[in-house]
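A.B. asks: sequence? don't have it. structure:
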């Protein structure tokens, strides 16, 4: 039995769960998430707990069991608490500005990089440190994809560490070229 899959997902008050076949909709104070799950997985709601069961022990069903339960848990947590990621912009002259639903980044290119903020995601600059982007949303998958796309515009380089990185991310520094040659 899957250790993760056998644990029930608690549904807090204020969250409504709608099960329509293999499509699950979860609505809470932060928003609403809908997801289609594999038809082999049986999802039931009883006593404010979601339980996931599998029909047999085939490899596919065993692998889907824990995944389905984790996705349900992420959906419930997202609509109640929400998720947050922070990106740090390091480099001389590297800046970020937010105007409406566009994020404009100056990252040392000859042109500014513009990024359209997806629906359901909010991006704000830290008030104290202007080089930290705070990305918030209730869909964990979309939040991670958005943060990865922004980081991908200028990933941290290994010599000086300039670029965009997650707050707390460790970037291994390489030594530069040797100073001189021995003859």
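C.D. replies: Structure's in. What do you need? Nothing here was measured: the structure is a model prediction, and the numbers come from that model. Residues are numbered from 1 along each chain as shown.
A.B. asks: can we go C-alpha only for contacts and neighbour counts from here?
C.D. replies: Noted.
A.B. asks: Now for residue 54: which residues touch it?
C.D. replies: Residue 54 sits next to 40-42, 61-62, 65 when contact means Cα atoms under 8 Å, 6 or more residues apart in numbering.
A.B. asks: For these, which entry has the maximal number of neighbours?
C.D. replies: Among those, the one with the most neighbours (other Cα atoms under 10 Å) is residue 65, at 25 neighbours.
A.B. asks: chain center to the helix or strand harbouring that residue: distance?
C.D. replies: Using DSSP states H and E, residue 65 sits in helix 59-80. Centroid separation between helix 59-80 and its chain, computed with Cα atoms, centre = their mean, to the nearest Å, is 15 Å.
A.B. asks: got the buried residues for that helix?
C.D. replies: The neighbour-count check on helix 59-80 (16 or more other Cα atoms under 10 Å) flags 61-62, 64-70, 72-80 as buried.
A.B. asks: relative orientation of the helix or strand that that helix is followed by and helix 59-80 in degrees?
C.D. replies: Remark: after helix 59-80, the chain's next helix or strand is strand 83-90, criterion DSSP H and E. Orientation check (axes from the mean of the first three to the mean of the last three Cα atoms, to 10 degrees): strand 83-90 against helix 59-80 gives 80 degrees.
A.B. asks: Give me the residues contacting whatever helix or strand comes next after strand 83-90.
C.D. replies: Per DSSP H and E, the first helix or strand lying C-terminal to strand 83-90 is strand 95-99. Residues from elsewhere that reach strand 95-99, judged by Cα under 8 Å, 6+ apart: 89, 103-107, 123-125, 130-131.
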